[in-house]
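Asker: Any chance you can model this:
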Amino acid sequence: MKLIETIKSLPGIIKKNWNKAPDGKYIPYKEIVSYSVGGIGVKFLIQVCYYIALSGTSLLSGSALGLKNGYLVNLNMIATLLGIFIGPLRGLIIDNTRSKSGKFRPYIIITGIPTAAIITIFAFLPFEKMEYNQKLWSLFIVYMLLQLCYPFYDQAYTTLAQVMSPDSNERADLITVSTFIYSLAPSIIVLFVPIIAGFTGRMEHITAYRVIMPAFGIFGMLLGILSYTGTKERIIVSKDYTPKVHFFRGIASGMKNKYQWARSLTSWFVLFQMGIGNVTTWYFYYGIKDTLWLSTEQQGVLNGTLNTILGMAATPAMFLAPFLIRKIGKKNLVIAYTIGNLISMIGMLLFIRHIWALYVFLWLRSFFAAFPIISDSAMNADVLDYQQFKTGERLEGLMSQFVGFIGTFITMGLTYFINTIIIQNRYGLVDNYDDLYILSFREPLSKAMIVIAIIGYLLSLIPFITMYTLTEEDHKAHISVLKIRAALEDYATSSLSEGQLEEAREIYSNAVSEYESCVTRLEKAGTRREKGNLKRQINALKIVIEEKERFNRSEMVKKQPRQKNCFHTRWSNYTE
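Answerer: Okay, here's the model as predicted:
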């Protein structure tokens, strides 16, 4: 009965909150729809960019263009080295952007249009008339041009969700809803691309890409504009805040962020699984043809269908993620889905000779692998808020560049290790891709990828468990402090919004009273769990309460001697 009443009330709720956010929230429903539907277009464009890869395991680079894995690995090394300079430049540009359109939204337009143009031109290059080296360098040049555009485009869209609301749970909800909607894009591509390819010469021929890439790329770019026109950024800064982030200072600041290090170390170990994604292609593109006695057309249809079902594994994970974040927290969720990944990969290893059992464990791995889509974005936003709390600067672009610099070399090393030492030298996959149709060739190769991935996931748990100690309560306190600081700074420049200073005063007063209540309850707490929860709350509330003494600290006196007295006076006037 309640469910029926809820469904009946939905139109009224949507209408009420279409242009105005629900009470206690920041994002109206109109923006959620614009961001999510625009994301379908963004992901269409990004997905077709992925076809242009410097790897022999890519059906376009290896099979369609006939390029050798060894040459592609070498070019990938060069591209990675060049990326060392591209990444920081992109970060510096982002961190020093503050336009009327916001910090991220402008780049959805600026980089989206060139990306669509580049992939369309690439598809119609006369590869049939080109010599080997011409095809090789054409691929490399286009790849590098795309590196200037689509990572910028992808980052602008993805990070936009992290600044549309300062509320961590609302951000997780937005990421969940939008991911569910824009995940239709890769699902559609996975379903229809093999079918299209089956009637245009298969994925091993360039003709298929001349239909796929322009169609999805141009339509995606046009649809993606909706995420620019229908959204708004809500970074908590004073109204006269002007970003002036210096390159080396920004990197040095990011180096001091312990939570960024924890997440980076974890992600580097997870890179060991970069080869396991090939197992799906090796078994359910090459493997199913002879195993199930399929024609080329049937191969394409079944491959598309099976990959679509794998893609659907992400849906329940994305819907569960916000609930689990609220229930057990982001850190515990990461530990849980990592263990789930490990169990799935062990199952793949044990049942690799049973193709449908293998498929079940691949589906489970796809399920657990979808949780980071929500949790990683939500955690990244929390870490950025912590950075602003500590330094006063928003560093979405530069903060990760130093660890990203290290990560570049780690990626290079692992790419060389997996693609050259293991795949090419140890198991003999050079340009003989038809050998993947042979079970005795693909099975040991696939097992090696799975074992390496298992080792990486096991190692990834160590830095995450020991170093990432940021709690949900701490993040809430950081946001409270940022609101107080913004109110005081806007008060100093006479640019306060209605109710802004009263909200800051209420935040501080509530923190004081809640702190006293928690201290009293801690003395009477009986269970260890209850005591632990209260201690976390007390530590977080201290962050807000101690903000009053910020301008009495020696480092702040040196930085802002003129502001010390005036801010202290404002605290006395508005928090007592």
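Asker: What are the buried residues along stretch 67-86?
Answerer: Using 16 or more other C-beta atoms under 10 Å as the burial criterion, the residues of stretch 67-86 that qualify are 67, 68, 69, 71, 72, 73, 75, 76, 77, 79, 80, 83. C-betas here are computed from N, CA, C, even on glycine.
Asker: Check which helix or strand the fifth one maps to.
Answerer: Taking DSSP states H and E as the definition, one finds residue 72 inside helix 69-95.
Asker: What helices and strands are in contact with that helix?
Answerer: Identification of packing neighbours for helix 69-95 by 3 or more C-beta pairs under 8 Å, 6 or more residues apart in numbering; DSSP states H and E yields helix 132-163, helix 247-255, helix 401-415.
Asker: Quick check: next helix or strand after it?
Answerer: helix 106-110.
Asker: same question for that following helix, mean pLDDT?
Answerer: The pLDDT scores in helix 106-110 average 90.
Asker: same question, stretch 418-435
Answerer: On average, stretch 418-435 scores 84.
Asker: Equivalent analysis for stretch 312-321, please.
Answerer: Rounded mean pLDDT across stretch 312-321 is 84.
Asker: Same question for it: list its buried residues.
Answerer: Result for stretch 312-321 [16+ other C-beta under 10 Å]: buried residues 313, 314, 317, 318, 320, 321.
Asker: Tell me the one of the residues you listed nearest residue 300?
Answerer: Of all the buried residues of stretch 312-321, residue 300 sits closest to residue 313, with 21.2 Å by C-beta to C-beta.
Asker: Tell me which of the helices and strands packed on helix 69-95 sits most buried.
Answerer: helix 132-163 (a mean of 20; mean count of other C-beta atoms under 10 Å).
Asker: I'd like the next helix or strand past it.
Answerer: Downstream of helix 132-163 (by DSSP H and E), the next one is helix 168-182.
Asker: for the helix or strand just after that next one, which positions count as buried?
Answerer: Going down the chain from helix 168-182, the next helix or strand is helix 184-198, by DSSP H and E. Using 16+ other C-beta under 10 Å as the test for burial, helix 184-198 gives 184-191, 193-194, 196-198.
Asker: just how off-centre is helix 184-198 within its chain?
Answerer: 23 Å (C-alpha atoms, centre = their mean, to the nearest Å).
Asker: And for stretch 169-180?
Answerer: That offset, for stretch 169-180, works out to 12 Å (C-alpha atoms, centre = their mean).
Asker: Sketch out the low-pLDDT regions of the stretch 1-150 of the chain for me.
Answerer: 1-9, 56-57, 88, 91-92, 95-98 (pLDDT under 70).
Asker: ok so, going back, among the buried residues of stretch 67-86, find me the one that's closest to residue 30.
Answerer: Looking across the buried residues of stretch 67-86 and measuring by C-beta to C-beta, the closest to residue 30 is residue 83, at 37.0 Å.
Asker: so who does the closest one touch?
Answerer: Shown in contact with residue 83 (C-beta atoms under 8 Å, 6 or more residues apart in numbering): 147, 408.
Asker: just to revisit the earlier point, is it possible to export the buried residues of helix 184-198 to TSV including pLDDT?
Answerer: Formatted as TSV, the buried residues of helix 184-198 follow (pLDDT from 0 to 100):
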residue	pLDDT
184	83
185	86
186	80
187	77
188	84
189	83
190	76
191	77
193	79
194	76
196	77
197	74
198	72
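Asker: Need the max-distance pair from those residues.
Answerer: Maximum distance among the buried residues of helix 184-198 (C-beta to C-beta): 21.6 Å, for 184 and 198.
Asker: now for the helix or strand containing residue 516, which elements pack on it?
Answerer: For residue 516, the host element (DSSP H and E) is helix 500-524. If you count contacts as 3+ C-beta pairs under 8 Å, 6+ apart, helix 500-524 packs onto helix 472-492, helix 528-545, helix 561-575.
Asker: A strand includes residue 393, no?
Answerer: No: looking at residue 393 with DSSP: H, G, I helix; E, B strand; the rest coil, it is coil, so not inside a strand.
Asker: quick one: it from residue 168, how far?
Answerer: As judged by C-beta to C-beta, to the nearest Å, residue 393 and residue 168 stand 20 Å apart.
Asker: What residues does residue 174 make contact with?
Answerer: Residues in contact with residue 174, defined by C-beta under 8 Å, 6+ apart, are 27, 32, 35, 161, 164, 165.
Asker: Any idea how many residues pack against the last one?
Answerer: Okay, so that is residue 165. Per other C-beta atoms under 10 Å, the neighbour tally for residue 165 reads 21.
Asker: roughly how far apart are it and residue 543?
Answerer: Shown here: residue 165 relative to residue 543, a distance of 20 Å by C-beta to C-beta.
Asker: and residue 34, what does it touch?
Answerer: With C-beta under 8 Å, 6+ apart, residue 34 has these contacts: 226, 227, 229, 230, 231.
Asker: For residue 460, state which of those residues is nearest.
Answerer: residue 227 (31.4 Å).
Asker: ok, for the closest one, nearest residue in space, not its chain neighbours?
Answerer: residue 38 (2.8 Å; C-beta to C-beta, 6 or more residues apart in numbering).
Asker: and the angle from the host helix or strand of that neighbour to helix 132-163?
Answerer: In the assignment (DSSP H and E), residue 38 maps to helix 29-49. Counting by axes from the mean of the first three to the mean of the last three C-alpha atoms, to 10 degrees, helix 29-49 lies at 160 degrees to helix 132-163.
Asker: what angle sits between helix 29-49 and helix 184-198?
Answerer: On the basis of the same axes, to 10 degrees, helix 29-49 is oriented at 30 degrees to helix 184-198.
Asker: what comes up buried for helix 29-49?
Answerer: Result for helix 29-49 [16+ other C-beta under 10 Å]: buried residues 29-49.
Asker: In terms of pLDDT, where does residue 270 sit?
Answerer: pLDDT for residue 270: 91.
Asker: That one should be in a strand, yeah?
Answerer: No: in this structure, residue 270 is helix, not part of a strand, as judged by three-state DSSP.
Asker: Quick one: neighbours of it, just the number.
Answerer: By other C-beta under 10 Å, the residues close to residue 270 number 18.
Asker: I'd like to know how far it sits from residue 459.
Answerer: Distance from residue 270 to residue 459, by C-beta to C-beta: 9 Å.
Asker: Show the subsequent helix or strand relative to the longest helix seen in the chain.
Answerer: Scanning the chain for the longest helix, with DSSP state H as the assignment, gives helix 314-350. Scanning forward in sequence from helix 314-350 by DSSP H and E, the next helix or strand is helix 355-369.
Asker: Among residue 393 and residue 168, which residue is more densely surrounded?
Answerer: residue 168 (22 against 19).
Asker: Find the nearest non-adjacent residue to that one, please.
Answerer: Leaving out its chain neighbours, the residue that sits closest to residue 168 by C-beta to C-beta, 6+ apart is residue 475, at 5.5 Å.
Asker: For that neighbour, the count of nearby residues, please.
Answerer: 23.
Asker: now swap in the one 5 residues further on and tell me
Answerer: Burial of residue 480, expressed as a neighbour count using other C-beta under 10 Å, amounts to 23.
Asker: That one reaches residue 507, doesn't it?
Answerer: Yes: using C-beta atoms under 8 Å, residue 480 makes contact with residue 507 at a distance of 4.8 Å.
Asker: what sits in contact with each of these two?
Answerer: residue 544.
Asker: Output the contacting helices and strands for the longest helix of the chain.
Answerer: helix 168-182, helix 355-369, helix 371-391, helix 439-467.
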